[in-house]
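Student: here are the coordinates; sequence isn't available:
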């Protein structure tokens, strides 16, 4: 049975609050059990655990003339490729070292890409009501929607000033489609556009029992492209640190909103609901991704929680389940509390 979200959050809390735990993750010995030869199997255990070979393994190495040959046979049996032995890593996601660099202007996933059917308990009809009255439309919003997120990034500059500092451009789009609301002509209720520039540099130190992998300094614009009373937008500077350990990744971010003049600000109180930062915790195991996004403004006691689970299906697609509770699922709803459940597909391209 898959681990429930509250269980992996509890596990993360235990790890973070107990830095005296071993710094290295427990080795995965599952591949060794499939090796028939007993001497090679022992050598496999020693190889993965990083200890000196047992007498039996050493004897096997001697008979094979070199322990290197045994290691090669063990690796061939276990398929110790980076994709299998490490799985997802922040080093690969952000191309933080020479091994993972792919050059500039190669498009890669940024945030997750998904398509899902959602159902909300209480749709936010109020922002649209004046316009529906003008068009003589009496139909309220449907509780069900098709929601999709498209997100990519590309590296624009690699190695700024011959330093391990890269400039990235990212783009994320969220669209909320009332596909089944035929009485209202199945409109796209809301689309949010989010371009951003990011300066990313690798980190290499341990904190709270986890490894700090990168620092991201960015500037992001988010708007819904609407006019009049439906218009929503804001700009932010942010700093983000990425941590990882044994299947866990923790992304912590704080931001500062760029102030606008009162006459141009469509949502002057947005920070009261969206907070001043967010925390994303993800645990990956055997193709399953369990994730929690947390936002909170402790001054106003408002925020949001988003829990998600992606599970293997076929090829580049995973099943995707999402639960959102709080403010700001979309910009038009930044000050509207919602509970939303979604089910769909996530792409792993």
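Tutor: On my side now, so go ahead. Every value quoted in this text rests on a predicted model; they were computed, and no experiment measured them.

Student: residue 43 falls within a helix, correct?
Tutor: Yes - Residue 43 forms part of a helix when assessed by DSSP: H, G, I helix; E, B strand; the rest coil.

Student: can you report how many residues lie near it?
Tutor: Counted with other C-beta atoms under 10 Å, the neighbours of residue 43 add up to 27. Placement of C-beta: from N, CA and C, glycine included.

Student: what's the answer for residue 267, then?
Tutor: For residue 267, the neighbour count with other C-beta under 10 Å is 18.

Student: in the stretch 101-250 of the chain, where is pLDDT below threshold?
Tutor: Applying pLDDT under 70 to the stretch 101-250 of the chain flags residues 133-138.

Student: now with 90?
Tutor: Within the stretch 101-250 of the chain, the stretches with pLDDT under 90 are 129-140, 183-185, 208, 228.

Student: what segments of it are helices?
Tutor: In the stretch 101-250 of the chain, the segments counted as helices under DSSP state H, counting those that start in this stretch are 129-134.

Student: show me the contacts for residue 115.
Tutor: 146, 147, 148, 344, 345 (C-beta atoms under 8 Å, 6 or more residues apart in numbering).

Student: nearest to residue 336 among the residues you listed?
Tutor: Sorting the contacts of residue 115 by how near they are to residue 336, with C-beta to C-beta, puts residue 147 at the top with 15.8 Å.

Student: among the contacts of residue 115, name the buried ones.
Tutor: Listed as buried from the contacts of residue 115 are 146, 147, 148, 344, 345; burial here means 16 or more other C-beta atoms under 10 Å.

Student: relative to residue 155, how far out is residue 200?
Tutor: 9 Å (C-beta to C-beta, to the nearest Å).

Student: using TSV, lay out the contacts of residue 115 together with distance to residue 248.
Tutor: What follows is the contacts of residue 115, written out as TSV (distance: C-beta to C-beta, whole Å):
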residue	distance to residue 248
146	32
147	27
148	27
344	25
345	25
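
Student: the longest strand seen in the chain: which residues count as buried?
Tutor: Counting residues, the longest strand in the chain under DSSP state E turns out to be strand 188-207. By 16+ other C-beta under 10 Å, the buried positions in strand 188-207 come out as 189, 190, 191, 192, 193, 194, 196, 198, 200, 202.

Student: what residues are shared contacts of residue 200 and residue 155?
Tutor: With C-beta under 8 Å, 6+ apart as the test, residue 200 and residue 155 both reach 166, 167, 168.

Student: and the gap between the last one and residue 104?
Tutor: Distance of residue 168 to residue 104, computed by C-beta to C-beta: 10 Å.

Student: for the first one, same thing?
Tutor: Here the criterion is C-beta to C-beta. By it, residue 166 lies 9 Å from residue 104.

Student: okay, those two: which has more neighbours?
Tutor: Between residue 166 and residue 104, counted using other C-beta under 10 Å, the more crowded position is residue 166 (22 against 14).

Student: related to what we said a few turns ago, just the ones in strands from the contacts of residue 115, please.
Tutor: Going by DSSP E, the strands hold 146, 147, 148, 344, 345 from these.

Student: for the fourth one, name its beta-bridge partners.
Tutor: What that stands for is residue 344. residue 116, residue 320 (DSSP bridges).

Student: next: the first one.
Tutor: Counting by DSSP bridges, residue 146 forms beta bridges with residue 117, residue 177.

Student: what's the closest of the shared contacts of residue 200 and residue 155 to residue 316?
Tutor: If you rank those by distance to residue 316 using C-beta to C-beta, residue 168 comes first, at 22.5 Å.

Student: leaving out sequence neighbours, find the closest residue to that closest one.
Tutor: Closest residue in space to residue 168, ignoring its immediate chain neighbours: residue 198 at 4.4 Å, by C-beta to C-beta, 6 or more residues apart in numbering.

Student: follow-up on the earlier one: okay, and the common contacts of residue 168 and residue 104?
Tutor: Common neighbours of residue 168 and residue 104 (criterion: C-beta under 8 Å, 6+ apart): 154, 155, 156.

Student: pretty sure the first one contacts residue 105?
Tutor: This points to residue 154. Yes - Residue 154 lies in contact with residue 105 (C-beta atoms under 8 Å); the separation is 5.5 Å.

Student: more neighbours, the two?
Tutor: Ranked by neighbour count (other C-beta under 10 Å), residue 154 and residue 105 place residue 154 first, with 15 against 10.

Student: which non-adjacent residue is nearest the more buried one?
Tutor: Nearest non-adjacent residue to residue 154, counting by C-beta to C-beta, 6+ apart: residue 107, 5.1 Å away.

Student: tell me the contacts of the one you found?
Tutor: 152, 153, 154 are the contacts of residue 107 under C-beta under 8 Å, 6+ apart.

Student: separation between the first one and residue 270?
Tutor: Relative to residue 270, residue 152 is positioned 25 Å away (criterion: C-beta to C-beta).

Student: between these two, who's got more neighbours?
Tutor: residue 270 (21 against 16).

Student: look at that one and report its pLDDT.
Tutor: pLDDT, residue 270: 97.

Student: can you give me phi and psi for it?
Tutor: Here is the backbone geometry of residue 270 (degrees, to the nearest 10): phi -60, psi -30.

Student: just checking, what packs against the strand or helix carrying residue 306?
Tutor: Using DSSP states H and E, residue 306 maps to strand 302-314. With contacts taken as 3 or more C-beta pairs under 8 Å, 6 or more residues apart in numbering; DSSP states H and E, strand 302-314 sits against helix 270-274, strand 288-297, strand 317-327.

Student: alright, that wraps it up for me.
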